[in-house]
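Colleague: heads up, no residue letters with this:
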């Protein structure tokens, strides 16, 4: 596909990553969501076999990776960069959650390059690094255990960027062809007749039985074919009465 | 913290997982979002050192893990189960995306046990496994590369469940008391037996009939009392065969 997507303009930047496996896993996480632009700042080990293993089929992203020696180099030409952090800062920027942050980044990425900056596995980003960003994004987490794996954090953000891209146009599609009113009424009449014939329903004391049945099948939003199946069952069961 | 959370009632079930590292990484992903209930069905290797390594500080989840030999055992007592799948199915359920699906599961988890079922790393879930679920959830992904790592998929869903929990909007409350897995299986068995007795279903050529029935009633999210009514009808209709 050669059509340019806003996701092509979102750089993922990993600063001082310790474990090359996380770089590979981050590449895979990006590719599943349609991102492709990965930058590293002074990785401890890259290239590395463990990165290749964890990238699986996302090695094309590893091959195009940009390895930089300073943050400024990685941020070249970007218009907006978000620092990913779990900790509150003394001098804090506006803090967006993952969803809000992805939407905000994407607003810009529709026309301009933007970046998401991730710190090291153990200590995150430095204050100097955060100070070069324009916003902070945190991923809501269990307050008693906030330690997301680096590649998992990339996965969540890549997912939210993709969701931000496809929002507005994804209603749950119908799986089948819905039955219409007339078909449903015939089904209810058929069911009632069989229930009366089998003495399950006493027409003198119907209680709320048919209403409950209607409520049950109403919730199911029956399809045409399902009405046919149910009526087939009723015909088979009813034929000896 | 001893206050019960709806997230405590969400089971993550991993079926036939090949790599123990993914089990550990899934446990960590769950813990970061406040989930704790992990079930395994016939894992290839567990317990395993690689699972411990990847779990990092989430070993408490590994220690409480439930290892089952069959899906039915893992689904015991649940009222709603979602199958995680990337592939479209011939005979499909309604398909929710990750966000919609998490919200729907959480509606039920506020009072009842629910489950999220993940298949193997290579081939996902079997049709038989999907047929025991009431809904399908797919994580929106790059159509050219949909292969999320198993633990990454768990991370995205755990994240969406947490987001659903902290969202401000009032959930649509449940109107009745949902039937559980065991009651539903008894209903399906009863229905199948009556259909065979009445010659509607030929056990030699069952086609997809029982799957269609499961799909229909799965969509209805039957309540306890409704299962009783349906079984009452089947008993009344079946007694002369």
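Modeller: Perfect, I can see it now. Keep in mind that this is a model prediction, so the values were computed, not measured.

Colleague: Show me what the lowest-mean-pLDDT helix or strand in chain A is packed against.
Modeller: Within chain A, no helix or strand scores below helix A:209-220, which has a mean of 84 by mean pLDDT, DSSP states H and E. Applying 3 or more CB pairs under 8 Å, 6 or more residues apart in numbering or on different chains; DSSP states H and E, one finds that helix A:209-220 makes contact with helix A:181-197, helix B:209-220, helix B:224-238. C-beta: built from backbone N, CA, C; applies to glycine.

Colleague: Need the phi and psi values for the most centrally placed residue in chain A.
Modeller: For chain A, residue A:159 is the residue whose C-alpha lies nearest the centre (CA atoms, centre = their mean; 4.6 Å). Main-chain torsions, residue A:159, degrees, to the nearest 10: phi -60, psi -50.

Colleague: what's the burial count for the residue lying closest to it once chain neighbours are set aside?
Modeller: Closest residue in space to residue A:159, ignoring its immediate chain neighbours: residue B:156 at 5.2 Å, by CB to CB, 6 or more residues apart in numbering or on different chains. If you count neighbours by other CB atoms under 10 Å in any protein chain shown, residue B:156 ends up with 30.

Colleague: Quick check: which element contains residue B:156?
Modeller: Assigned by DSSP states H and E, residue B:156 belongs to helix B:150-166.

Colleague: Using neighbour counts, pick out the buried residues of that helix.
Modeller: B:150-165 (16 or more other CB atoms under 10 Å in any protein chain shown).

Colleague: go on, stretch A:200-213?
Modeller: A:200-201, A:209, A:213.

Colleague: Now render those residues as CSV, adding distance to residue B:144.
Modeller: Shown next, in CSV, are the buried residues of stretch A:200-213 (distance: CB to CB, whole Å):
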residue, distance to residue B:144
A:200, 55
A:201, 55
A:209, 52
A:213, 46
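
Colleague: Return the member of the residues you listed nearest to chain B.
Modeller: residue A:200 (3.7 Å; CB to the nearest CB).

Colleague: and the residue nearest to the closest one when sequence neighbours are not counted, how many neighbours?
Modeller: Excluding its sequence neighbours, the residue lying closest to residue A:200 (CB to CB, 6+ apart) is residue B:236, at 3.7 Å. Applying other CB under 10 Å, we find 17 other residues in the vicinity of residue B:236.

Colleague: how close does residue B:236 sit to residue A:208?
Modeller: Here the criterion is CB to CB, to the nearest Å. By it, residue B:236 lies 17 Å from residue A:208.

Colleague: Contacts only, for the closest residue to residue A:5 other than its chain neighbours.
Modeller: The shortest distance from residue A:5 to any non-neighbouring residue, by CB to CB, 6+ apart, is to residue A:34 (6.4 Å). Counting by CB atoms under 8 Å, 6 or more residues apart in numbering or on different chains, residue A:34 touches A:5, A:7, A:158, A:162, A:165, B:141-142.

Colleague: Check those and tell me the two furthest apart.
Modeller: A:5 and B:141 (13.6 Å; CB to CB).

Colleague: Looking at these two, which has the bigger crowd around it?
Modeller: residue B:141 (21 against 16).

Colleague: Can you tell me, leaving aside adjacent residues, what's nearest to residue A:214?
Modeller: The nearest residue in space to residue A:214 (CB to CB, 6+ apart) is residue A:188, at 6.4 Å.

Colleague: that older thread, show me the one of the helices and strands packed on helix A:209-220 that comes nearest residue A:104.
Modeller: Among these, helix B:209-220 sits nearest to residue A:104 (CB to CB), with 37.0 Å.

Colleague: How about residues contacting that closest one?
Modeller: So helix B:209-220 is in contact with A:216-217, A:219-223, A:225-226, A:229-230, B:91, B:93-94, B:127, B:131-135, B:184, B:187-188, B:191-192, B:195, B:201, B:226, going by CB under 8 Å, 6+ apart.

Colleague: thought residue A:108 was touching residue A:80?
Modeller: Yes. Contact between residue A:108 and residue A:80 holds when scored by CB atoms under 8 Å: they sit 4.7 Å apart.

Colleague: Report the set of residues contacting both of the two.
Modeller: With CB under 8 Å, 6+ apart, residue A:108 and residue A:80 have common neighbours residue A:114.

Colleague: Using JSON lines, please lay out the helices and strands packed on helix A:209-220 together with distance to residue A:52.
Modeller: Formatted as JSON lines, those follow (distance: least, CB to CB, whole Å):
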{"stretch": "helix A:181-197", "distance to residue A:52": "57"}
{"stretch": "helix B:209-220", "distance to residue A:52": "41"}
{"stretch": "helix B:224-238", "distance to residue A:52": "52"}
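
Colleague: right, so the ones you listed: which one is the most enclosed?
Modeller: helix B:209-220 (a mean of 20; mean count of other CB atoms under 10 Å in any protein chain shown).

Colleague: Could you tell me which ranges of chain A sit under the pLDDT cut-off?
Modeller: Chain A contains residues with pLDDT under 70 at A:1-3, A:87-93, A:168-174, A:240-241.

Colleague: quick one, domains of it?
Modeller: Annotated domains of chain A cover A:6-166, A:181-238 [automatic domain parsing].

Colleague: Please name whichever of these is nearest to residue B:63.
Modeller: Closest among those, once you apply CB to CB, is domain A:6-166, at 15.0 Å.

Colleague: what about that closest one, start to end distance?
Modeller: Start and end residues of domain A:6-166 are separated by 11 Å (CA to CA, to the nearest Å).

Colleague: now it, how far from the centre of its chain.
Modeller: 16 Å (CA atoms, centre = their mean, to the nearest Å).
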